[in-house]
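J.: Compute the structure for the input listed below.
(2 chains)
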Amino acid sequence: MKLIYNRHRNSKSDEELLALFIEEGRVGALGELYERHIHLVFGLCLKYMKNTHQAKDAVISIYEKVQTEIDRHTIRNFKSWLYVVSKNHCLMELRKAKPGQVVSLTEAEKSDSFMEYDAEMHPIDGEQTEEMEKALQECIEHLKTEQQKSIRLFYFSNKCYREIAGLMQTDEKKVKSYIQNAKRNLKICLDKKK
Amino acid sequence: MKKGEKHIGLNDFSRYRANEMTADERNAFEKELQKDPFMADALEGMEQLSPEEIAQHVNELSARISKPKKSRKIRFIAAAASILILVSIGILWLQINQHNPVPEVTQTKKMELPPEVQKKGDLSPLTDTDLSINEIEIEPQLDEPEITATDIVPIVSKPEKAARVMAPIEKKEPKMLAEAFDKQKNQPVEMLTGRVAGVTVQRKDTPKIRGIVSHVATEDNIKIRGYATIAAQRPPARGKTLRGQVISGTDKLPLPGVSLTEKGTANGTLTDIDGNFVLPLKDSLSTVTVSFIGMVSKEISPADSLNAIIELEEDVLALDEVVVVGYGTQKKQNLTSSVTEVSPASQSQKLTAEPVPGYKAYREYLNTEAILPPNYPEDKVVIKLLINLNRNGAIQSIENLNQADETLFEKAKQIIADGPAWNPELVDGKKTDSSVRLRIVFRKEK
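T.: This is a model prediction of the structure:
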């Protein structure tokens, strides 16, 4: 993979910044940590709020929430924790706005690591052992043609959605869903093999 | 972000969306999207605005976040400092209040009751404790009211001790008093205070009732005259009693068994069955804590009012204790939290509305009443009705469901209206509005 991602100007990792905040009480560290992910939080809030102004308010509220909540949890991965906190905040806001409407769940962040989504990474995204690799290939063989083609192009030929869409003469959204479905099927297949 | 992992910044999002990435870069970015739902969600949200707008908003937000924030320690110090300030204001206030500014005449040694005290007519309502005199004039009626500077006796103010100034006063004192009076022309009140023949003389207070107090000490011919005022309502003295009622903030019903404690003491009480309480206070300035299980505790200050209706709000936190998490799946082996299965609540108990004597008797009643006129073209007519009952069982309206003959429908309505009363529908024991379908068969009389 080419170096397309500019490393953050500060070379400290999330964990280091988090430790600085928790152990030394440096609020600046938390600010930096949050700022690092602020575009994600903003995007997420936009997705749920569908309103720039509300989304911006939510970003600030989430920052305040993070400050108060952070001591109460043992955080293994700040980003995933932040994702859960942010998502829940947005959902709570939505629920407040339209009572009675079933938006969803609750303050799942209280259940701590339970909700950290990275608990199970998809095998195809991670590094695979030889054995896994073999199993994976076998499973790919069993996928439907579109899914198989998409997954091969995406993961093994490193083509982007647009290129795959061009090659398969379909649109990008379809490609995206092929890949997602393929991943799900692969996971089921791999779990069976275990 | 683990160390060594790439950080995907806003710039990458902008480039991806602006098609500035090469195909390889796009693929790498998309792989990250596949891995990270946070990114995927964020991208989805960002689609609503242009990359430039997003950048602008994010920069603005970053600026707001990175504003120099007070560190937690400073926040703690700030909190501590404000408490300190509040406490010192409280102490100051206390002291000022205690510093009962009753100036006092130092010469109090030779005091005797006046042999004769004349009171003018409107003195009667004045009593020892309720009175203060806001102006005092002393008119020395000496033969030679020689007033010299050397005769001035210092008048010192001493709080909390009412001096008694009484007649007859020794030879020297009239002069002093005279001097005091003279001086009073400029600053009348503060100079001379004390008890004048049983009347408390205090500093000028907000006058409410005025009277003239006048005492004549015969021997020395000193007349002490003053305006008496009933002191403005004094701050609650120590050892008052707080009474009141505690009610629930949500339904305004009285709460029995609520505990009230005077803060810092073991002095407390509970409300009775009607939520009423009487709490004798050790110190009327202390706060009273009102607490009840399931309610948010409240602190009240009896200084505000000695008769209080206290509303307690429900403690919402208690309701949040049960957390239901509804999304995501988790393998059983990874599951750390407890899992409880919740099945839908069992159906509520419902008793449908029915006529008071029961359906059987009602049917019989209908059969006797539902008679077709002898000349009616048909022998049998069925009318279907919908009866709407309110929660008290009163018939609100009757609908004609099968478009039956209007005259028969009117007759049916009449029959129902004249017939037995209805019991309303009961849902879990509560009366509710309801509708009942009823079929009436009209027949010709046999």
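J.: Domains in chain A, by residue range?
T.: Chain A breaks down into these domains under automatic domain parsing: A:14-119, A:130-193.
J.: So for the longest one, mean pLDDT?
T.: Summarised as a single mean, pLDDT over domain A:14-119 is 77.
J.: One more: the shortest one?
T.: Averaged across domain A:130-193, the pLDDT comes to 86.
J.: what's the span of that domain from first residue to last?
T.: 15 Å (CA to CA, to the nearest Å).
J.: wait, does it make contact with chain B?
T.: Yes. Interface with chain B: domain A:130-193 contributes A:F154, A:Y155, A:N158, A:K159, A:C160, A:Y161, A:R162, A:E163, A:I179, A:Q180, A:K183 (CB under 8 Å from any CB of the partner chain). For the C-beta atoms, the positions are set from N, CA and C on the backbone; glycine is no exception.
J.: Now do the helices in the chain.
T.: Picked chain A for this. Remark: helices assigned in chain A by DSSP state H are A:14-24, A:27-49, A:52-69, A:78-97, A:130-141, A:145-151, A:161-168, A:172-193.
J.: actually it's chain B I care about, not the one you picked
T.: Counting by DSSP H, chain B has these helices, from start to end: B:10-17, B:23-35, B:37-46, B:51-65, B:72-98, B:172-184, B:188-191, B:359-369, B:406-418.
J.: could you redo the residues of domain A:130-193 next to chain B as JSON lines and give each row neighbour count and distance to B:T432?
T.: Converted to JSON lines, these look like this (neighbours: other CB atoms under 10 Å in any protein chain shown; distance: CB to CB, whole Å):
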{"residue": "A:F154", "neighbour count": "25", "distance to B:T432": "59"}
{"residue": "A:Y155", "neighbour count": "19", "distance to B:T432": "61"}
{"residue": "A:N158", "neighbour count": "16", "distance to B:T432": "66"}
{"residue": "A:K159", "neighbour count": "22", "distance to B:T432": "64"}
{"residue": "A:C160", "neighbour count": "24", "distance to B:T432": "61"}
{"residue": "A:Y161", "neighbour count": "23", "distance to B:T432": "57"}
{"residue": "A:R162", "neighbour count": "16", "distance to B:T432": "61"}
{"residue": "A:E163", "neighbour count": "19", "distance to B:T432": "64"}
{"residue": "A:I179", "neighbour count": "24", "distance to B:T432": "54"}
{"residue": "A:Q180", "neighbour count": "14", "distance to B:T432": "49"}
{"residue": "A:K183", "neighbour count": "19", "distance to B:T432": "52"}
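J.: Quickly name whichever of the residues you listed is closest to B:T250.
T.: A:Q180 (47.4 Å; CB to CB).
J.: So the closest one versus A:S150, what's the distance?
T.: Separation of A:Q180 from A:S150 (CB to CB, to the nearest Å): 10 Å.
J.: quick one: contacts for the nearest residue to A:K176 once chain neighbours are set aside?
T.: Leaving out its chain neighbours, the residue that sits closest to A:K176 by CB to CB, 6 or more residues apart in numbering or on different chains is A:Y161, at 5.9 Å. With contact taken as CB atoms under 8 Å, 6 or more residues apart in numbering or on different chains, A:Y161 is in contact with A:F154, A:E172, A:V175, A:K176, B:R26, B:E30.
J.: Which among the domains of chain A is found nearest to B:I416?
T.: Across the domains of chain A, closest to B:I416 is domain A:14-119 (CB to CB), at 37.4 Å.
J.: from the chain's centre, how far out does that closest one sit?
T.: Here domain A:14-119 shows a centroid-to-chain-centroid distance of 13 Å under the convention CA atoms, centre = their mean, to the nearest Å.
J.: was I right about A:E69 contacting A:N88?
T.: No. Look at A:E69 against A:N88 with CB atoms under 8 Å: they stay out of range, at 10.4 Å.
J.: neighbour-wise, which of the two wins?
T.: Legend: neighbour count by other CB atoms under 10 Å in any protein chain shown for A:E69 and A:N88, higher for A:N88 (21 against 16).
J.: Tell me how many other residues crowd residue 90.
T.: As the question left the chain open, I've gone with chain A. Neighbour count of A:C90, defined by other CB under 10 Å: 25.
J.: right idea, wrong chain: chain B
T.: 11.
J.: Then B:T269?
T.: When neighbours are counted by other CB under 10 Å, B:T269 registers 16.
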